[in-house]
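Chemist: here's a sequence, model it:
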Amino acid sequence: MPQATHAEEGENSTPVPVPPQNMVSSFTLRDVLITAFFHLRTVLVAAVLPLAIAITAAFSMRTEYTATSLLLVIVSREVSNAQNVTDSGPPVMTIEGLKQVQSEVQMLESTDVMRATIEQIGIDRLYPRGRLAALMDIFGSDPNRMDGAVARFRKSLKAEVVEDSNVVEVSFTNPDRSLAIETTDALVRNYLASRRKALENPTAKILQLEVARFQRDLSTVDNEIERLKNKVGIIDFSQDAVLASNQVDSILQRRRQVAEREAAVSGQILEAERQLAATPESVFDFSEKTDAVAGDDDANTLTRLLVQRDRVVAQYAPGSALLRELDKQIATVRARIKSRADRRYFTDRAVRNPQLNYLQNMVVSLKVEQDSLARQKNELVEQQRIAEERLSLLRSAETPLIELNRKRDALSDGFREYQRRAVAASIEETAAQSRQSAVRVVQEAGAAVTSRSLTLPVLAGGVFAGLLFGAAAGAIASALRTTFIAPGEAERALGLPAIATMDDDDEDADLAMDSAVGSFVTTLLDARIDDEPIKAVHFLSADTDDTLSRFTLRVAEEFAIRRQKRTLFIELGANAPAPLALDGQEIKGGMAITGTPLPLLWTASETQNAPLMDIRLPVADAEMMMAELRDAFDFILICSNRQGASLVTQRFCQLVDGNIMSLEAEKTRKAVAIHLRDMVVESRGLLLGFVLLGRRYYLPSWLYERI
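Modeler: Numbering: from 1, shown residues only. A predicted model of the protein is given here:
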């Protein structure tokens with residue numbers, strides 16, 4: 001028993017006891033087991049119910065097969081769901097690729113695809129009608145059945161993107177292996193068909209109509225341009241305009257040149273006629289005589305041969321064949337030169353003065369030229385007129401031709417744009433209609449089929465649920481229980497230590513009872529308050545039976561017989577402490593003290609009429625009477641377990657050295673015990689702890705030894 005200290009108090013202050021908190025036990029495994037065994041029936045019922053349900057469900061479950069198919073989503077700019085696939089542009093970003101793969105999963109899990117698959121396989125094959133189908137038909141209709149089938153199909157379907165890839169894993173679970181494979185394949189086919197339909201681009205036909213319209217308008221404009229060119233005679237307007245302008249300018253320049261030449265020729269004719277008139281008709285002749293022969297080159301040949309002989313002499317030895325050949329040629333040339341010198345002949349040539357003929361010819365040619373210049377001048381005038389008419393015609397055709405060309409350019413640009421977009425739309429339609437354009441099946445459902453049986457997991461879950469429900473039921477029952485079954489519960493609820501525990505089975509066993517009472521008495525004798533031993537102890541109980549009276553009497557007998565202490569036993573609310581016999585009587589401390597057959601043990605009789613029991617007695621007088629009793633006896637035990645003595649009980653709570661609460665296992669309610677504790681505290685009493693009476697042991701003895 002730990003020591004407690006009374007605090008210094010004022011006149012109107014309320015003393016607060018110092019509970020030995022270090023002796024209050026914590027919640028242990030033993031408490032859990034005791035609570036479980038105490039509520040064993042409730043725990044077993046709560047545990048067996050989910051276990052039975054799990055066993056029934058486990059034996060009724062069938063093995064489920066999961067067929068898995070893999071789809072590869074090609075993420076690029078050329079996929080069928082990307083617009084303008086023929087345009088050049090930046091590559092698809094990573095986040096866009098992830099969004100595209102996720103959109104494929106959402107399209108795969110769409111209700112339309114599931115409904116088409118269920119209709120293709122058959123709703124009766126996938127989900128056969130059960131025994132309660134007729135009853136369900138009363139409350140539902142066929143559309144409701146299809147909606148329910150779609151919901152069940154969605155639970156059995158699993159479509160997800162494989163981590164860090166663009167592969168979509170599609171799996172379907174069904175108890176029938178072949179049906180699971182068939183359903184998965186049908187789901188993939190329906191998804192691809194729905195995807196092609198959703199990604200179909202109907203703009204190609206509209207664009208083709210626009211292309212045809214532009215082509216007709218363009219042909220009309222081309223025909224108008226061609227007719228205008230044919231009418232005007234234009235091949236290329238720019239070149240024709242430049243040529244016409246250049247032609248007019250060239251003709252003008254030529255007319256100027258002809259006028260200049262005509263003036264020059266007229267002057268030359270006048271001058272030539274004047275000189276011709278002044279020139280005599282006859283002039284002196286001259287003659288020339290020479291012996292030169294035409295084609296005579298012997299001297300030059302001889303010179304070349306001599307030069308060649310000098311080179312040969314320097315390179316070849318004397319008498320060589322080449323040197324002899326050159327000597328023969330030189331001799332031959334010299335012989336010819338010599339023979340020609342022997343033949344002497346001369347040539348005479350007479351030359352007449354040509355001035356007269358020259359002037360006559362000049363006059364004639366200049367007159368001819370003058371006539372031709374006159375004709376040329378007239379022709380140039382005609383050419384200039386024609387060129388100016390051509391230039392005027394081109395100028396009049398320039399405005400409509402420019403307008404037609406502008407219209408043609410606009411139509412040509414629109415035609416090219418729509419033609420390009422029509423081709424792109426056609427390519428997109430072709431890509432959308434192709435099954436392997438962006439999504440490819442890389443694994444059929446029959447290639448990967450896994451089986452799963454939930455028998456063991458359901459049984460394990462049933463066992464776990466049974467343990468969980470049993471523990472919950474035990475915890476709820478323990479929380480709803482209002483009594484104490486173990487000292488630890490009372491310690492945690494009251495914040496007081498358990499000083500002694502009396503077993504219910506040992507109440508009639510003297511040896512066990514004596515041992516327990518002896519330990520309790522030793523605890524009281526060893527306890528100190530302000531370094532002073534305890535001499536007056538007040539036992540309180542909220543119950544009305546005599547259990548506390550018997551226990552307090554056994555404690556008093558222990559003090560008197562075995563500890564040889566002068567002991568006074570007072571039972572509040574009782575005139576005689578039966579079954580003790582009365583032996584003499586004396587008044588001490590305002591109470592009638594009566595001896596008992598046991599030596600050193602006295603009891604108080606007629607306590608109801610004792611002055612100390614008067615609630616009108618001042619506190620000082622009551623303390624004096626209590627001090628007189630302490631002087632007369634070594635130990636005073638006071639027992640109050642009657643509701644009628646509640647006021648007197650509050651008086652004794654502050655007169656004694658310490659108060660001890662008495663709790664009966666499985667009888668004393670927690671609220672009553674807490675109220676009794678609060679009453680003692682409010683009465684300025686010091687609580688030493690409590691004793692638990694009538695405790696029962698619900699665990700086997702071997703289990704108590706191990707925990």
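Chemist: can we go C-alpha only for contacts and neighbour counts from here?
Modeler: OK.
Chemist: in the stretch 601-707 of the chain, which spans are strands?
Modeler: Using DSSP state E, counting those that start in this stretch, the strands of the stretch 601-707 of the chain run over 601-605, 635-640, 658-664, 687-695.
Chemist: name the residues that touch stretch 262-270?
Modeler: 362, 363, 366, 367, 369, 370, 373, 374 (C-alpha atoms under 8 Å, 6 or more residues apart in numbering).
Chemist: buried ones in that stretch, by neighbour count?
Modeler: By 16 or more other C-alpha atoms under 10 Å, the buried positions in stretch 262-270 come out as 262, 265, 268, 269.
Chemist: nearest residue to the residue positioned nearest the centre of the chain in space, please, no chain neighbours.
Modeler: Centroid-nearest residue in the chain, with C-alpha atoms, centre = their mean: residue 98, separated by 9.6 Å. By the measure of C-alpha to C-alpha, 6 or more residues apart in numbering, the closest residue to residue 98 outside its immediate chain neighbours is residue 166, 7.7 Å from it.
Chemist: how many residues are close by the one you found?
Modeler: 18 (other C-alpha atoms under 10 Å).
Chemist: swap in the one 3 residues further on?
Modeler: Burial of residue 169, expressed as a neighbour count using other C-alpha under 10 Å, amounts to 17.
Chemist: cool, the one 5 residues further on as well?
Modeler: If you count neighbours by other C-alpha under 10 Å, residue 174 ends up with 22.
Chemist: over to residue 628?
Modeler: By other C-alpha under 10 Å, the residues close to residue 628 number 14.
Chemist: ok, residue 493 next?
Modeler: Quick note: residue 493 (other C-alpha under 10 Å) scores 14 neighbours.
Chemist: packing partners of the helix or strand where residue 179 lies?
Modeler: According to DSSP states H and E, residue 179 maps onto helix 177-198. Where contact means 3 or more C-alpha pairs under 8 Å, 6 or more residues apart in numbering; DSSP states H and E, helix 177-198 is packed against strand 64-73, helix 94-108, helix 111-121, strand 167-174.
Chemist: between strand 64-73 and the shortest one, find me the angle.
Modeler: Calculated by axes from the mean of the first three to the mean of the last three C-alpha atoms, to 10 degrees, strand 167-174 forms an angle of 160 degrees with strand 64-73.
Chemist: name the residues that touch stretch 366-377?
Modeler: By C-alpha under 8 Å, 6+ apart, the list of residues contacting stretch 366-377 reads 255, 258, 259, 261, 262, 265, 266, 268, 269.
Chemist: wait, is the fifth one part of a helix?
Modeler: Right, residue 262. Yes. According to DSSP: H, G, I helix; E, B strand; the rest coil, residue 262 belongs to a helix.
Chemist: where does the stretch 551-700 of the chain dip in pLDDT?
Modeler: 573-584, 642-646, 700 (pLDDT under 70).
Chemist: ok, the stretch 151-300 of the chain next?
Modeler: 199-202, 235-236, 280-296.
Chemist: what sits against residue 384?
Modeler: 248, 251, 252.
Chemist: quick one, what contacts the nearest residue to the first one once chain neighbours are set aside?
Modeler: Distances taken as C-alpha to C-alpha, 6+ apart put residue 387 closest to residue 248, at 5.6 Å, once the chain neighbours are dropped. Taking C-alpha under 8 Å, 6+ apart as the contact definition, residue 387 lies against 244, 247, 248.
Chemist: would TSV of the residues you listed with distance to residue 418 be doable?
Modeler: Listed next are those as TSV, based on distance: C-alpha to C-alpha, whole Å:
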residue	distance to residue 418
244	39
247	44
248	45
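Chemist: between those residues, which is closest to residue 411?
Modeler: residue 244 (30.1 Å; C-alpha to C-alpha).
Chemist: what sits against that closest one?
Modeler: 387, 388, 390, 391.
Chemist: and if we set it to 10 Å?
Modeler: Contacts for residue 244 (C-alpha atoms under 10 Å, 6 or more residues apart in numbering) come out as 250, 386, 387, 388, 389, 390, 391, 392, 394.
Chemist: give me the element the residue nearest to residue 248 is part of.
Modeler: With DSSP H and E as the criterion, the answer for residue 387 is helix 355-433.
Chemist: just the angle between that helix and helix 177-198, please?
Modeler: 140 degrees.
Chemist: strands paired with the helix or strand following helix 355-433, and their directions?
Modeler: Past helix 355-433, further along toward the C-terminus, the next helix or strand under DSSP H and E is strand 439-443. According to DSSP bridges, strand 439-443 forms sheet pairs with strand 64-73 (antiparallel).
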